[in-house]
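Student: just the structure for this:
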Amino acid sequence: MTEPQPLFPATGPVPCAEHPDTETRLRCSRCGKPICPRCAVRTPVGMRCPDCAGTRAISKANPTRTLVAAGGGLVVATLAGLGWGFFPDWQFYWALLLGFGVVETMVRLLNVQRGQNPRGVDLQAIAIVIVLYGMVLSRAVIMQRLGVDLEMLGELRPVVQRALYLRPIPDLLFALLPILIAWVRFR
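Tutor: Numbering: from 1, shown residues only. From the prediction side, this is the model:
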C-alpha cells in the first residue's frame, strides 16, 4: 500500500508566490500558497495570501474617474429629482431609483476592472451629497409647482407640510433609503 502524498510537500524555505526573490516557510491558511511577511494578510483564522484575504478587490482611487463618476451621478440625481418632483406619490420608487441609480452609475463610470469593488469614505460622501441634491431638487420642484415661496417654508404651516409631502414617518424613511443605499454600496 502506498502512503498518501502530503498536501504541502516542501518542508524547507520556498519562494514566495508574490515575491519570487524572497524565501519563506509561511503558507496561506486557506489555499496553501507560499507567502512572505510582506504580502501576508493577518485574518482571524491565520495568515492568508492577498487573493484569499480579499484585499485585491479594492481599487485604487483615480481622481479623474471619480469626477466623471460624480458627474454621471449628478445627471441621474437630477433626472430622479425632477421625476420625484412631478410624481411625488411614487416616493418609494423614486427613492430606490435615486439611491441605486446614483451609486450604480458611479460604479460603472469609475471604470474598475471586473471583480473589483470600489469603496471608501470619499465615494460614500460624494454619493450621499449627490443623493441629497436629488432630494432637495425634488422638493424645490414641488414647491415651484404648488406656488410655495421660501417665506411660507419658514413658517411650515400644515398646508405647506402637506404640499411638500413632509409627513414624519414615511418621508423620513424615503429620505433615508437612498442615503443608506449610497452608504452601504461604497462601504
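Student: what is the neighbour count of the nearest residue to Pro15 once chain neighbours are set aside?
Tutor: Among residues not flanking Pro15 along the chain, Glu23 sits closest, at 6.0 Å (CB to CB, 6 or more residues apart in numbering). (Each C-beta comes from the backbone N, C-alpha and C, glycine too.) Neighbours of Glu23 under the rule other CB atoms under 10 Å: 13.
Student: got it, and the one 5 residues further on?
Tutor: By the measure other CB under 10 Å, the count of residues near Cys28 is 22.
Student: going forward, count from 354.
Tutor: From this message on, residue numbering opens at 354, which makes the last subject Cys381.
Student: list the contacts of it.
Tutor: Ile388, Ala393, Met400, Arg401, Cys402, Cys405 (CB atoms under 8 Å, 6 or more residues apart in numbering).
Student: for those residues, work out which two are farthest apart.
Tutor: Ala393 and Cys405 (10.6 Å; CB to CB).
Student: circling back: got the contact list for the residue nearest to Pro368?
Tutor: Pro366, Val367, Pro368, Cys369, Cys389.
Student: narrow the residues you listed to those that are buried.
Tutor: Buried by 16 or more other CB atoms under 10 Å: Val367, Cys369, Cys389, out of those.
Student: tell me the first helix or strand C-terminal of the worst-scoring helix or strand of the chain on mean pLDDT.
Tutor: Least confident helix or strand of the chain, by mean pLDDT, DSSP states H and E, is helix 511-516 with a mean of 58. Under the assignment DSSP states H and E, the closest C-terminal helix or strand after helix 511-516 is helix 521-538.
Student: and that next one, what other elements does it pack with?
Tutor: Under the contact definition 3 or more CB pairs under 8 Å, 6 or more residues apart in numbering; DSSP states H and E, helix 521-538 sits against helix 444-463, helix 474-499.
Student: average pLDDT for it?
Tutor: For helix 521-538, mean pLDDT rounds to 79.
Student: ok, stretch 491-507 next?
Tutor: The pLDDT scores in stretch 491-507 average 74.
Student: same deal with stretch 374-383?
Tutor: Taken as a whole, stretch 374-383 carries a mean pLDDT of 89.
Student: as CSV, could you dump the C-alpha coordinates of that stretch?
Tutor: The C-alpha trace of stretch 374-383 is given here as CSV (Å, rounded to 0.1, in the frame of the first residue of the first chain):
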residue,chain,number,x,y,z
ASP,A,374,13.2,36.6,-4.7
THR,A,375,12.1,36.1,-1.1
GLU,A,376,12.2,32.7,0.6
THR,A,377,9.6,31.8,3.2
ARG,A,378,8.2,29.0,5.3
LEU,A,379,4.8,30.7,5.7
ARG,A,380,1.8,29.5,3.7
CYS,A,381,-1.7,30.8,3.2
SER,A,382,-4.0,29.1,5.7
ARG,A,383,-6.7,28.7,3.1
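Student: Gln477 and Val537 touch, don't they?
Tutor: No. Gln477 is beyond contact range of Val537, at 9.0 Å (criterion: CB atoms under 8 Å).
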